[in-house]
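In: any chance you could fold what I've pasted below:
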Amino acid sequence: MKTRLLTILTTIILTTSLMAFQGATPVTIVTLGDSITKGWRPGVTKEETFSAVLEKLLTGKAQVINVGIGGERTDQALNRFEKDVAAKKPTIVTIMYGANDSYIDKGKDQPRLSKEQFEANLNKLLEQCKKAGIKPILMTSNAYGRTPSKNGAGNNPNDLLAQYMEITRKVALKTSTPLVDHFEFWTAKDKGGTDIGKWTTDQLHPNVAGHKAMAELMLPVVLEVIGKK
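Out: Okay, here's the model as predicted:
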């Protein structure tokens, strides 16, 4: 009964927000991130990525530009922020990193970027947004499924990713930046009995169902930010 009531309340809130949004000036949203944001791969078309699904959920009142690049880390995102984000003059940019920053390559015993570097880079990205007059939304990466390949150190990559996602939450809290916590949502679903690996193509990258879940989780946060523009 509680779950049903929560679903009804959420539907009412989203419907009200979308109705209030009708007639508003269309906004541009840029989705910045790695291969999870890029999204399209065997089994997932460009039209099925969370960026494209989000645009559809926004009922034609926003243009969502996907600038995700496979394999990217936060330091590389900083290097292209001006060209790929600021130059597009968006109202909002979503920022989602961590899977590559936290990964340990074969033969290594340390992640590609340290936790300190990751945190510093997130803060620099937020500073870039402020300088450009863009409203940022931080997002945690989705969690790995139950049977991911071991990283270079022979460990489950989800363990280290979880620590980096906690840093994302900390940065969001300290800077009062809106947050979409995909990692928490996917982890909670998995603990509740959903095999989130079935939301992916390879235990990490979302499939069509995974992208849909991500877009739906993003929608209320994006609507709230749009309402404040």
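
In: tell me how many other residues surround residue 102.
Out: The local packing of residue 102 (other CB atoms under 10 Å) involves 26 other residues. In short, each C-beta sits where N, CA and C put it, glycine included.

In: which residues of the chain score low on pLDDT?
Out: 1-24, 229 (pLDDT under 70).

In: redo that, cut-off 50
Out: Applying pLDDT under 50 to the chain flags the ranges 1-13, 15-21, 23.

In: once you drop chain neighbours, what's closest to residue 38?
Out: Nearest residue to residue 38, sequence neighbours excluded (CB to CB, 6 or more residues apart in numbering): residue 68, at 3.4 Å.

In: over to residue 129?
Out: residue 136 (4.2 Å).

In: confirm that neighbour sits in a strand?
Out: Yes - judged by DSSP: H, G, I helix; E, B strand; the rest coil, residue 136 forms part of a strand.

In: distance of it from residue 126?
Out: According to CB to CB, to the nearest Å, residue 136 stands 6 Å off from residue 126.

In: compare neighbour counts for the two and give me the winner.
Out: residue 136 (24 against 20).

In: I'd guessed the more buried one sits against residue 127; true?
Out: No - using CB atoms under 8 Å as the test, residue 136 is too far from residue 127 to be in contact (9.9 Å).

In: what does stretch 103-113 rub up against?
Out: 73-75, 100-102, 121, 151-153, 155, 157, 160 (CB atoms under 8 Å, 6 or more residues apart in numbering).

In: which residue ranges form the helices in the protein?
Out: 2-21, 35-38, 50-57, 74-84, 115-132, 157-175, 182-191, 208-227 (DSSP state H).

In: turn the ones you listed into JSON lines, including distance to residue 27.
Out: Output for these, formatted as JSON lines (distance: least, CB to CB, whole Å):
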{"stretch": "helix 2-21", "distance to residue 27": "10"}
{"stretch": "helix 35-38", "distance to residue 27": "18"}
{"stretch": "helix 50-57", "distance to residue 27": "11"}
{"stretch": "helix 74-84", "distance to residue 27": "18"}
{"stretch": "helix 115-132", "distance to residue 27": "15"}
{"stretch": "helix 157-175", "distance to residue 27": "21"}
{"stretch": "helix 182-191", "distance to residue 27": "22"}
{"stretch": "helix 208-227", "distance to residue 27": "6"}
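
In: tell me which of the ones you listed sits nearest to residue 96.
Out: Nearest to residue 96, of all the helices of the chain, is helix 35-38, at 5.7 Å by CB to CB.

In: packing partners for that closest one?
Out: On a contact count with 3 or more CB pairs under 8 Å, 6 or more residues apart in numbering; DSSP states H and E, helix 35-38 meets strand 92-96.

In: what does the strand it packs on contact?
Out: 27-34, 36-37, 77, 85, 122, 125-126, 129, 134-141, 180, 182, 218, 222, 225-226, 229.

In: leaving out chain neighbours, which residue sits closest to residue 97?
Out: Nearest to residue 97 is residue 74, by CB to CB, 6+ apart, at 4.8 Å.

In: quick check: that neighbour vs residue 42, distance?
Out: Residue 74 is 27 Å from residue 42, by CB to CB.

In: what do you get for residue 178?
Out: Distance from residue 178 to residue 42, by CB to CB: 32 Å.

In: those two: who's more crowded?
Out: residue 178 (17 against 8).

In: I'd assumed residue 220 was in contact with that one.
Out: No - using CB under 8 Å as the test, residue 178 is too far from residue 220 to be in contact (10.2 Å).

In: re earlier: what residues are bridge-paired with the residue nearest to residue 129?
Out: residue 93 (DSSP bridges).
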